[in-house]
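> Sharing a model prediction with you, sequence too.
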Amino acid sequence: MMQEHMRAALDYAKKRGATSAECHATQGNSQSVRVRNGEIENIDSNYTSYLSIHVIKGDREGYSYTQDFGRVEEMVDMALAHADITQPDDVPPEIYAGPADYVSLNTYNPALESVHQADYNRLALDLEKIATQMDDRVDGVEYCSASGGAGHNFFLNSAGIWAESKRNSIAAYISPIMRAETDAQSGFGFMMGRSLADIDLNAIARKSIDEAAALLGSTSMTTGRYTTLFRADAASELISAFLSIYSAEEAQKGRSLLAGKEGESIAAPGFTLIDDAHNDRIFSCAAFDAQGLPTRRVSLVENGVLQTLMYNLVTAKKAGKTSTAHASGGMGAPVGVSPHALILAAGEKSEAQMLKDMRNGAYITKISGLHAGLNPVSGDFSLLAGGFLVENGEKTRPVNQLTVAGNIFSIMKNIVAFGNETLYNHYAGALATPALLVEGISIAGK
């Protein structure tokens, strides 16, 4: 049925004067629950279904979408009207004509279809109960939630390229509050999977409590520049915040300092960043991009040397290159650029070995303020952080209320060691990383 709606939209677009066109469609559902003090605080259940179209009319483009499949022709007319008033781009737009050889990815588990709202409710209630009973110092939770969702995505263009994918997942997370004397700290535990069996409530609760307990009694540390070990999850969140620097679109708009740097050294030896689009351990993996191109493994950085930026058809044409199948878009939005499943290569040293190597410094386990405390163009950041003071190669005491400041481009060049374990941090999105040991990080404390 969805393919029929999409075909009707493309046929009507051609009849109305479009040179070519492509359609995206999505059908999806999500369920979530938030609990507090043993009671359900909020339940949210959504179903989404929409159809969007991107029309090309000569050298102009237009976009529109609808959630009413009885108004497909009106959607097309709006996209064509949009094309009539837009300014042409530097290069003529085009659609993908093939080949359409797509791999099959393990992104959908039919068994999750039998997981219902009552199951999510029980999952969240059980998680909160386990966490609050695990340690006497737990004094409630900031939030505790369980959620799940599924999506079915479709692509069809006027060149006959057809692709579809299905994905689903389930997740649970909690942030308990722990108190000891006059101090209170919160922790965080999160787990995501493709089956109920993937969600280990005891492990989630234990991680969140251990994290909070470790920071009880934390104080500040002396302001200075330190060799700093970023725990894998903190490293992942920091690097994820700057992934736009690898976008050819951002580079061509003057918003990435990596513009014109392909083939040059931009990071420390050992810094190897791969977009392994077919790695289904990362939930944003994909068999095709938003322009219908089959995805593939792409090496963005190898041993510190920038191999390529991420390109869609338009940005590749502007640069005289081939698309790397990194087009993003949908829901009536212009085509952009985004990664699929990034992996920063691991090294050979354990965290214990890196702590001994650094001797004195800081071990950062959490950062916050990512939406306000950074500039994706310059690479500068100033973020709240917490973790541990490191003395003589050992974590000696917890530290908190720190401000960690620096520049992502400098960090990439000043990494002196990569951890030997890769964390697939689903909470941070499309990036898996090891722990990173970095020299010269500015930390403001007391």
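On my side now, so go ahead. Residues are numbered from 1 along each chain as shown.
> which residues sit in contact with residue 384?
367-369, 373, 401-404 (Cβ atoms under 8 Å, 6 or more residues apart in numbering). Where C-beta positions appear, they are placed from N, C-alpha and C, glycine not excepted.
> For residue 114, state which of those is nearest.
residue 368 (37.2 Å; Cβ to Cβ).
> what's the burial count for that closest one?
12 (other Cβ atoms under 10 Å).
> excluding its backbone neighbours, what's nearest it?
Leaving aside its chain neighbours, residue 368 sits nearest to residue 384 (4.7 Å; criterion: Cβ to Cβ, 6 or more residues apart in numbering).
> That neighbour: which element?
In the assignment (DSSP states H and E), residue 384 maps to strand 380-391.
> in the very next helix or strand once past that strand, what's buried?
Downstream of strand 380-391, the first helix or strand assigned by DSSP H and E is strand 394-407. Under the neighbour-count criterion of 16 or more other Cβ atoms under 10 Å, strand 394-407 has 395, 398-400, 402, 404-407 buried.
> Those into a markdown table, with extra columns for pLDDT and distance to residue 323?
Shown next, in a markdown table, are these (pLDDT from 0 to 100; distance: Cβ to Cβ, whole Å):
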| residue | pLDDT | distance to residue 323 |
| --- | --- | --- |
| 395 | 96 | 46 |
| 398 | 97 | 47 |
| 399 | 97 | 46 |
| 400 | 93 | 45 |
| 402 | 96 | 42 |
| 404 | 97 | 36 |
| 405 | 96 | 37 |
| 406 | 95 | 33 |
| 407 | 97 | 30 |
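> and which of these is nearest residue 42?
The closest of the buried residues of strand 394-407, once distances to residue 42 are taken by Cβ to Cβ, is residue 400, at 29.6 Å.
> Against which helices or strands is the longest helix along the chain packed?
Assignment by DSSP state H gives helix 117-134 as the longest helix of the chain. When contacts are defined as 3 or more Cβ pairs under 8 Å, 6 or more residues apart in numbering; DSSP states H and E, helix 117-134 packs onto strand 20-36, strand 39-57, strand 138-157, strand 162-180, helix 201-215.
> Just give me the neighbour total for residue 186.
Residue 186 has 17 nearby residues by other Cβ under 10 Å.
> hey, C-alpha coordinates of the strand holding residue 384 in PDB?
Extracted in PDB, the C-alpha atoms of strand 380-391 (Å, rounded to 0.1, in the frame of the first residue of the first chain):
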ATOM      1  CA  ASP A 380      35.900  25.100  21.300                       C
ATOM      2  CA  PHE A 381      34.000  23.700  24.300                       C
ATOM      3  CA  SER A 382      33.500  24.500  28.000                       C
ATOM      4  CA  LEU A 383      31.600  21.800  29.800                       C
ATOM      5  CA  LEU A 384      30.700  20.800  33.400                       C
ATOM      6  CA  ALA A 385      32.400  17.600  34.400                       C
ATOM      7  CA  GLY A 386      33.100  15.200  37.200                       C
ATOM      8  CA  GLY A 387      35.400  12.200  37.900                       C
ATOM      9  CA  PHE A 388      38.500  11.500  39.900                       C
ATOM     10  CA  LEU A 389      41.800  13.100  40.800                       C
ATOM     11  CA  VAL A 390      44.700  10.900  39.700                       C
ATOM     12  CA  GLU A 391      47.900  10.800  41.800                       C
END
